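> Have a look; sequence and predicted model below, questions after that.
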Amino acid sequence: MSNPEKIIEDILVALRAAEGKSVTALISGDSFQLPRLIPSGDGGTIQITKEIDDCISRLAHELKTIRPNLARNVKESEWRSWVRSSIGPLLAKVSLSASKQAPTLLTKLETALNGIVANLNPTEYAFGTTLFSNSDVASFAIGPVAFEPRMAWLNRKVAEGEYTPVTHRRVERIWSGARVGARKSNRDKLREADIINAIGPCQYVCTVKLSAAFASDAGLETALTAARLALTCASLVFETPSVTLQGFNLHYDGPMYRQSALTFVPGRSVLSGSRFNRRPTGPRIRAKHWQAELTRLADMFAACGEVLDNLVDPARSTPRPELLEALLQALIWFERGCRETGDLMATVGFAVSLDALGKGTKTKGILAVLEARLGIKRTDRVNPQGPTFQSLLDTIYSDGRSRTIHGTSQKIGYDWTSMRGTSEHLARYALVTCLAHVAQTPAATQTDDLKQ
């Protein structure tokens, strides 16, 4: 008997023990203190005990473990929900007096689950994004992620049949500040409200296309990661990406807001201050200048696109997975460093980003990357009177990253502002040159060995 069959047998035994008991008796001793219910498939429900609920959770874990191809495109919580909703109708029809039913029930359950997976479809997610302060930058794409002026996006969705011309006209009026009357159709009213709520006041829309089939929550999380990293890739054009990313935001992540604090000094009257978290938009850039940057850094953007294509591919079918996974993780940590408000933790993020490019071989690997891609030698000085790059990286990696992560730092509370800036610039230069190098070397001829 397989482990899933044994768990189903345990469920049947527990069901027999629960048969005929009152609602109160079934929740006796359960800290949840409410009836645990699963759907029976006919609009009704079956009350189960905590023991049965725990068995279903174990069964879900077992059934997902033997399907490694679902590791990235279905979250554990989603899979567990599918198992609960699928097993309920089967248990509702079972004869508790019969024996050896577990194999048959397991086959029926797996058939139902396979049907759910087979009905998953490719999806497209759209998020409002602040991007540039001017709204005339033409649409551009980074792999599966596209950025479009919001009217260009709306025009495209109407042409694709997603929205009606009436909805197009009304949303355009709303975005221009005009008032519109109520919709007669409740469905149209809801779809229109969805657009306004998702895009918000943003002048641009970020679209992420997932060509593979994802479950709802897993798909949203993957799309959000791709969107945030695409913004990070765009920020690499600018000298200080962390400043640019203060204005490159998704409406999904919340609006700009004010942070206020009260300050008291004994014997003195002090006016307390406040500051804004984030900026309303990114920098202003002429449309032709941005197009020139896309051309100048075409190799970098091509590699970013390849990294993001790999991210949204749950099968990771790329011929060079080690390279792209390293670049993906370097981008993730670089974005975390840029978004971090604390200087020490930002330095940690940039150090880990560099470490990902150096194949996790600590300062030695980072210095090897800097020498190979930027021509920087470990004995070179940062500036004529400054430390060597060896000494600088020892501080960034050892005092910044390692000791902080391992809980042995003696420099919590020190001023890390300067080190944050230096580590950000090093990580940016390393990322840009590594991405360009990967793009310039065709996948068919390039080894997947990150060190090479």
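Cool, the structure landed.
> Next, the buried residues of the host helix or strand of residue 403.
Assigned by DSSP states H and E, residue 403 belongs to helix 403-406. Buried residues in helix 403-406, counted by 16 or more other CB atoms under 10 Å: 403-404. (Glycine included, C-beta is placed from N, CA and C.)
> now stretch 116-125
116-117, 120, 123-125.
> And these, which is closest to residue 304?
residue 125 (18.3 Å; CB to CB).
> I'd say the closest one and residue 218 touch.
No. Applying CB atoms under 8 Å, one finds residue 125 not in contact with residue 218, separated by 11.9 Å.
> Tell me who's in contact with residue 124.
Applying CB atoms under 8 Å, 6 or more residues apart in numbering to residue 124 gives the contacts 207-210.
> before we move on, what SS does it have?
Following DSSP: H, G, I helix; E, B strand; the rest coil, the label given to residue 124 is strand.
> Quickly list what it is bridged to.
Taking DSSP bridges as the rule, residue 124 bridges to residue 209.
> doesn't residue 181 fall inside a helix?
No. Using three-state DSSP, the assignment for residue 181 is coil, not a helix.
> ok, how many other residues are close to residue 391?
Neighbour count of residue 391, defined by other CB atoms under 10 Å: 14.
> That one and residue 337: what is the separation?
Look at residue 391 and residue 337: by CB to CB, to the nearest Å, they are 21 Å apart.
> what's the answer for residue 270, then?
Counting by CB to CB, the gap from residue 270 to residue 337 is 33 Å.
> Okay, the most centrally placed residue in the chain and residue 357: tell me how far apart.
For the chain, the residue nearest the mean C-alpha position is residue 225 (2.6 Å; CA atoms, centre = their mean). Residue 225 sits 19 Å away from residue 357, going by CB to CB.
> again with residue 161
Distance from residue 161 to residue 357, counting by CB to CB: 44 Å.
> who has more neighbours, these two?
residue 357 (26 against 7).
> Residues contacting the host helix or strand of residue 172, please?
Residue 172 is part of helix 165-175, with elements assigned from DSSP H and E. Residues outside helix 165-175 that contact it (CB under 8 Å, 6+ apart): 150-151, 154-155, 158, 163, 179-180, 183, 188, 191-192, 195-196.
> So of the residues you listed, which two are at opposite extremes in space?
Farthest apart among the contacts of helix 165-175 by CB to CB are 155 and 179. That separation is 22.3 Å.
> more neighbours, those two?
The neighbour count for residue 155 versus residue 179, taken as other CB under 10 Å, is higher for residue 155 (15 against 6).
> residues in contact with the more buried one?
Contacts for residue 155 (CB under 8 Å, 6+ apart) come out as residue 168.
> Compute the distance between it and residue 169, please.
Counting by CB to CB, the gap from residue 155 to residue 169 is 12 Å.
> How about residue 381?
Distance from residue 381 to residue 169, by CB to CB: 63 Å.
> Likewise for residue 11?
55 Å.
> do the same with residue 109
49 Å.
> do the same with residue 322
In this view, residue 322 and residue 169 are 51 Å apart by CB to CB.
> And for residue 334?
Going from residue 334 to residue 169 by CB to CB gives 42 Å.
> swap in residue 423?
50 Å.
> Out of these two, name the residue with the larger neighbour count.
Neighbours around residue 423 and residue 169, counted as other CB under 10 Å, are more numerous at residue 423. The numbers are 28 against 12.
> if you skip the residues just before and after it, what's nearest to residue 343?
residue 416 (3.8 Å; CB to CB, 6 or more residues apart in numbering).
> Surely residue 135 is in contact with residue 204?
Yes. Using CB under 8 Å, residue 135 is in contact with residue 204, at 7.3 Å.
> those helices in the stretch 251-400 of the chain, which residues are they?
287-296, 298-311, 321-339, 343-357, 362-374, 389-394 (DSSP state H, counting those that start in this stretch).
> Which helix in the chain has the most residues?
helix 417-440 (DSSP state H).
> what's in contact with it?
236, 240-242, 297-300, 302-304, 306-307, 323, 327, 330-331, 334, 337-338, 343-344, 346-347, 350-351, 353-354, 357, 366, 369-370, 373-374, 382, 392, 395-396, 400, 446.
> ok, 6 Å please
By CB atoms under 6 Å, 6 or more residues apart in numbering, the residues outside helix 417-440 that reach it are 236, 241-242, 299-300, 302-303, 334, 343, 346-347, 350, 353-354, 357, 369, 373-374, 396.
> Quick check: which element contains residue 217?
helix 216-235.
> Tell me the one of the buried residues of stretch 116-125 nearest residue 265?
Taking CB to CB as the measure, residue 265 lies nearest residue 125 of those, at 49.1 Å.
> Now do the closest one against residue 6, distance only.
When distance is defined by CB to CB, residue 125 is 40 Å away from residue 6.
> next one: residue 101
With distances taken as CB to CB, residue 101 is found 13 Å from residue 6.
> and what of residue 28?
Distance of residue 28 to residue 6, given as CB to CB: 26 Å.
> Pick out whichever of those two has more residues nearby.
Neighbours were counted for residue 28 and for residue 6 using other CB under 10 Å; residue 6 has more, 15 against 12.
> Checking that one next. Helix, strand or coil?
Classification of residue 6 using three-state DSSP returns helix.
> picking that back up, from the contacts of helix 417-440, list the buried ones, please.
Counted by 16+ other CB under 10 Å, these give 236, 241-242, 299-300, 302-303, 334, 343, 346-347, 350, 353-354, 357, 369, 373, 396 as buried.
> who's in contact with residue 188?
The contact partners of residue 188, by CB under 6 Å, 6+ apart, come to none.
> Low-confidence bits of the chain, can you list those?
Residues of the chain meeting the criterion pLDDT under 70: 1, 443-446.
> quick one, which residue of it lies the farthest from its center?
In the chain, counting by CA atoms, centre = their mean, residue 267 sits farthest out from the average C-alpha position, at 49.1 Å.
> can you pull the contacts of the residue nearest to the centre of the chain?
Listed by CB under 6 Å, 6+ apart, residue 225 has no contact partners.
> mind running it again at 8 Å?
Shown in contact with residue 225 (CB under 8 Å, 6+ apart): 311, 332.
> What of the one 5 residues further on?
Under the criterion of CB under 8 Å, 6+ apart, the neighbours of residue 230 are 142-143, 145, 147, 206, 208, 304, 308.
> now, among those, which is nearest to residue 15?
residue 208 (43.6 Å).
> now the closest residue to that closest one other than its chain neighbours: how far from residue 206?
In space, and not counting its chain neighbours, residue 208 is closest to residue 223: 4.0 Å by CB to CB, 6+ apart. According to CB to CB, residue 223 stands 9 Å off from residue 206.
> Looking at these two, which has the bigger crowd around it?
When neighbours are counted by other CB under 10 Å, residue 223 and residue 206 differ, and residue 206 comes out ahead with 29 against 26.
> Surely the more buried one and residue 146 touch.
Yes. Residue 206 is within contact range of residue 146, at 7.3 Å (criterion: CB under 8 Å).
> returning to what we had before: quick one, which of the contacts of helix 165-175 are buried?
Buried subset of the contacts of helix 165-175 (neighbour count, 16+ other CB under 10 Å): 150-151, 154, 158, 163, 183, 191-192, 195.
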